[in-house]
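Asks: The following block contains a protein sequence and its predicted model.
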Amino acid sequence: MARTEEPGVALTVNGRPVRIAGDPDRPLLDVLREDLGLKATRFGCGQGTCGACTVVVDGEAGLSCDLPLGELEGARIETAEGLLSDPPHPLLDAFLARQAGQCGYCLPGILMAAKALLETEPAADRRRIAEALDANLCRCGAHHRILDAVEQAAREMAGAT
């Protein structure tokens, strides 16, 4: 008897293996929110221009509203819920300490863009942090506090205070 492969796309989301069946053109954002119940990733513009839906895909920041499920076979996806480890990721502590958010709508995307940056460039300076977060729109005016928080998290992750 021949073994048949289970239908769908296999992913690892926040360290948990999942298999999602359905339309391969469906955006990852919909899968995260509707199928997996991960609501931190936000729908902003739906066109990949605001950054609210940013997640980490295989170590790089990606816009989940623009990523079709069918192109993600075997991918490792991280969402803001994945930052809620024990202890919490240093970015969370730094954003709280620096009061780096107001309404909070954009913060999950900003946090994930910052996480992707600090994983590849742990010694990123303020200019580089600003560049990495440039695609994430925030209308609350917390930009300086956001940059301060990412710098603080980078120091904490490097073992300095």
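Replies: Structure received.
Asks: Now do the buried residues in stretch 62-70.
Replies: For stretch 62-70, a neighbour-count test (16 or more other C-beta atoms under 10 Å) marks 62, 63, 64, 65, 67, 69 as buried. For glycine as for every other residue, the C-beta is placed from the backbone atoms N, C-alpha and C.
Asks: wait, is residue 117 part of a strand?
Replies: No - counting by DSSP: H, G, I helix; E, B strand; the rest coil, one finds residue 117 to be helix, located in no strand.
Asks: residues touching residue 137, list them.
Replies: Going by C-beta atoms under 8 Å, 6 or more residues apart in numbering, residue 137 touches 44, 49, 50, 51, 52, 106.
Asks: That one and residue 108, how far apart?
Replies: Here the distance between residue 137 and residue 108 works out to 13 Å (C-beta to C-beta, to the nearest Å).
Asks: ditto for residue 139
Replies: Residue 139 is 15 Å from residue 108, by C-beta to C-beta.
Asks: More neighbours: these two, which one.
Replies: Neighbours per residue (other C-beta atoms under 10 Å) separate residue 139 from residue 108, with residue 108 holding more: 24 against 10.
Asks: can I assume that one is in contact with residue 39?
Replies: No - between residue 108 and residue 39 no contact is recorded; they are 9.2 Å apart, counting by C-beta atoms under 8 Å.
Asks: still on that earlier bit, name the nearest of the buried residues of stretch 62-70 relative to residue 155.
Replies: residue 62 (26.2 Å; C-beta to C-beta).
Asks: what packs against the one helix or strand the closest one maps to?
Replies: Remark: residue 62 resides in strand 60-63, with elements defined by DSSP states H and E. Packing partners of strand 60-63 (3 or more C-beta pairs under 8 Å, 6 or more residues apart in numbering; DSSP states H and E): strand 54-57, helix 107-120.
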